[in-house]
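[1] here is my input, please return the structure:
(one chain, ligands or ions: 2)
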Amino acid sequence: MASERERGGRWPEPAAAPAAADLARCVHCGLCLTACPTYLVTGLETESPRGRIQMARLIEEGRSQLTPAIQEHWSRCLQCRACEAVCPSGVPYGRIQERARAQVQAQPASGRAALRLRRLVLRQVVARPRVLGAVLAPVGRFGGWRLRGLAERLLPGRLRTMSRQLPSNQGRPFRLEEAAAGNPDGEPVQLFGGCVMRELFGETHRATVRVLARAGARVGAPAGQRCCGALHAHEGDLAFARQLAKANIAAFEGSAGAIVVNSAGCGAAMKEYPELLAGEPGWEERAAAFAARVRDLAEWLAARPRLPRGALGVRTVYQDACHLAHVQGIRREPRALLAAAGCELVETEGADVCCGAAGLYGLVQPGMSAELRRRKAGSFAAARPEVIVTGNPGCHLQYLAAVQEAGVGAEVLHLAEVLDRAWRADGGASG
Ligand code: SF4
Ligand code: SF4
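    Ligands and ions are numbered 1, 2, ... in the order given. Next comes the predicted model:
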């Protein structure tokens, strides 16, 4: 009789399970533990990367079922990939966790109402620009509403926190046609619009276009582009993430130049399209060609001779977005750009520790999300910055609440907004 191992362990969908070879790379050294935010908060092995990998191994080896307790330990993982960045064995933790969550999704439907609802929202709202726009329009208006202070006082706890997370300086949503700008003879670049970024961070996109144009680019944004699929992949909905990846690859194929992304999570996902589409006939080469063009905004700007220069002189704290620092390895470039803009950079403890935003994490794990936000608020209170800079929309929203919790009057800005201000103040000069 075949053993559990020979039958593919106890995974609900063995063909899409975490690869045994990936799991076997973990040598249990524990070097990842102190990089893991949930381990730092709890001190529990079960809330560590090593513990979560071991649970997957037990299932793989047929020594455990995919129990509700294991699902909860995985659900508490932020998918920040700080563990992956420090692992000496090269354990592909992000891939393991996405596949583990796909197994949770593949279980029989009973008792998974919340999972099914999240999947429905991600597919039918987040991935559909018109629907997302209709849903977020009143949310965006609330952000700029003069009476929001009164509304906040009337709202109960969780809703009050969410209302604090709404940006108030982002204006109307961004439309892709607004990207057409810059020098007609300049280097072509294509802006990736994203989903939430387009609807809630219109001004960040407009600042990005202005900065790219001033850096000498001819900016465009191909029609037909869609949500990057990162949230869907993190949720374990890999089939839908692949659909979105294919749509984006097709949308950008007729254009020239770098694909510039100003959202760390989107950029990381797009650089990993080759892995997402591995084994898909006809798509592997197209995904590789697409990924080779993807650049984070900071990465693209820092490699250009015309840098934004300025003398802003504001006390600035930069916070690394996990998917920029840990996945894309981009830490130095945003700091160099801020220094060139004349910001007075102050480093804070835990600048590259996850803030607890992590896509839908604040809704799924509100307690851990609030604790990580509280820690950020503490570091802001100690540093007393005038400006807090990030390069990811989820972190941006989390910091808006954190500055209020810290009682600091700091502005939260995207890197593009700071560079745009510096360049405007300098009359458009370049370095
Ligand atoms: S650092 Fe890597 S090999 Fe070591 S315990 Fe963590 S995941 Fe395993
Ligand atoms: S992805 Fe982040 S939260 Fe999850 S195990 Fe790794 S370090 Fe911990």
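[2] only C-alpha atoms from now on, for both contacts and neighbour counts.
    Noted.
[3] spatially nearest residue to residue 225, not counting backbone neighbours?
    Spatial nearest neighbour of residue 225, excluding adjacent residues (CA to CA, 6 or more residues apart in numbering): residue 248 at 4.9 Å.
[4] apologies, that question was intended for residue 364.
    Residue 364 sits nearest to residue 75 (CA to CA, 6+ apart), 7.9 Å away.
[5] look up how far residue 362 lies from that neighbour.
    11 Å (CA to CA, to the nearest Å).
[6] same question for residue 30.
    Distance from residue 30 to residue 362, by CA to CA: 27 Å.
[7] repeat for residue 380
    20 Å.
[8] looking at those two, which is more packed in?
    Per other CA atoms under 10 Å, whichever of residue 380 and residue 362 has more neighbours is residue 380, with 25 against 20.
[9] where does the more buried one sit, in terms of helix or strand?
    Secondary structure assignment for residue 380, by DSSP states H and E: helix 366-383.
[10] so, in contact with ligand 2 or not, that helix?
    No: Helix 366-383 stays clear of ligand 2 (CA under 6 Å from any ligand atom), getting no nearer than 10.4 Å.
[11] flag every residue of the stretch 1-150 of the chain that's near ligand 2.
    Near ligand 2, when you scan the stretch 1-150 of the chain using CA under 6 Å from any ligand atom, you find 35-38, 48-49, 77-83.
[12] dump these to a markdown table, plus pLDDT, distance to residue 11 and neighbour count.
    Converted to a markdown table, those look like this (pLDDT from 0 to 100; distance: CA to CA, whole Å; neighbours: other CA atoms under 10 Å):
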| residue | pLDDT | distance to residue 11 | neighbour count |
| --- | --- | --- | --- |
| 35 | 97 | 28 | 23 |
| 36 | 98 | 26 | 25 |
| 37 | 98 | 27 | 25 |
| 38 | 98 | 25 | 26 |
| 48 | 98 | 21 | 27 |
| 49 | 98 | 19 | 31 |
| 77 | 97 | 19 | 22 |
| 78 | 97 | 22 | 26 |
| 79 | 97 | 21 | 25 |
| 80 | 97 | 24 | 27 |
| 81 | 97 | 23 | 25 |
| 82 | 98 | 26 | 26 |
| 83 | 98 | 24 | 26 |
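[13] those residues: which ones sit near ligand 1?
    Okay, of those touching ligand 1 (CA under 6 Å from any ligand atom), that's residue 49.
[14] quick one, domains of this protein?
    14-105, 315-425 (automatic domain parsing).
[15] ok, and the closest non-adjacent residue to the residue in the stretch 151-300 of the chain that ligand 2 sits nearest to?
    Nearest residue of the stretch 151-300 of the chain to ligand 2 (CA to the nearest ligand atom) works out as residue 234 at 10.6 Å. Using CA to CA, 6+ apart and skipping residues adjacent in sequence, the residue nearest residue 234 is residue 98, 5.4 Å away.
[16] residue contacts, that neighbour?
    Going by CA atoms under 8 Å, 6 or more residues apart in numbering, residue 98 touches 233-236, 238.
[17] reformat those residues as TSV; add secondary structure and pLDDT.
    Converted to TSV, the contacts of residue 98 look like this (DSSP: H, G, I helix; E, B strand; the rest coil; pLDDT from 0 to 100):
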residue	secondary structure	pLDDT
233	helix	94
234	helix	92
235	coil	89
236	coil	88
238	helix	93
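[18] ok, the residue nearest the centre of the chain to residue 255 distance?
    With distances taken as CA atoms, centre = their mean, the chain has residue 265 as the residue nearest its mean C-alpha position (2.6 Å). As judged by CA to CA, residue 265 and residue 255 stand 23 Å apart.
[19] tell me which stretches of the stretch 151-300 of the chain form helices.
    157-164, 196-200, 202-214, 230-234, 238-252, 264-271, 273-276, 284-293, 297-302 (DSSP state H, counting those that start in this stretch).
[20] distance to ligand 1 added to those, as CSV?
    Shown next, in CSV, are the helices of the stretch 151-300 of the chain (distance: least, CA to the nearest ligand atom, whole Å):
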stretch, distance to ligand 1
helix 157-164, 33
helix 196-200, 32
helix 202-214, 36
helix 230-234, 18
helix 238-252, 23
helix 264-271, 20
helix 273-276, 20
helix 284-293, 26
helix 297-302, 27
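[21] which of those sits most buried?
    helix 264-271 (a mean of 25; mean count of other CA atoms under 10 Å).
[22] contacts only, for residue 197.
    205, 263, 393.
[23] go on, residue 206?
    By CA under 8 Å, 6+ apart, the residues touching residue 206 are 174, 178-179.
[24] just residue 30 next, same as before
    Residue 30 touches residue 50, counting by CA under 8 Å, 6+ apart.
[25] kindly report the same for the one 5 residues further on.
    Shown here is residue 35, whose contacts under the criterion CA under 8 Å, 6+ apart are 82-83, 86, 353.
[26] now for those residues, which pair is the farthest apart?
    The largest separation in these, counting by CA to CA, is between 86 and 353 at 12.7 Å.
[27] of those two, who's got more company?
    residue 353 (22 against 16).
[28] before we move on, the earlier item: between the helices of the stretch 151-300 of the chain, which gets the lowest average pLDDT?
    Between those, the lowest average pLDDT goes to helix 157-164, which shows a mean of 65.
[29] and the residue of the stretch 201-350 of the chain found nearest ligand 2, backbone torsions?
    For the stretch 201-350 of the chain, the residue closest to ligand 2 is residue 322, as judged by CA to the nearest ligand atom, at 8.6 Å. Phi and psi for residue 322, reported as degrees, to the nearest 10, are phi -50, psi -40.
[30] go on, the one 10 residues further on?
    In terms of degrees, to the nearest 10, the main-chain angles of residue 332 are phi -70, psi -40.
[31] buried residues in stretch 26-42?
    Residues of stretch 26-42 classed as buried by neighbour count (16 or more other CA atoms under 10 Å): 26, 30, 32-39.
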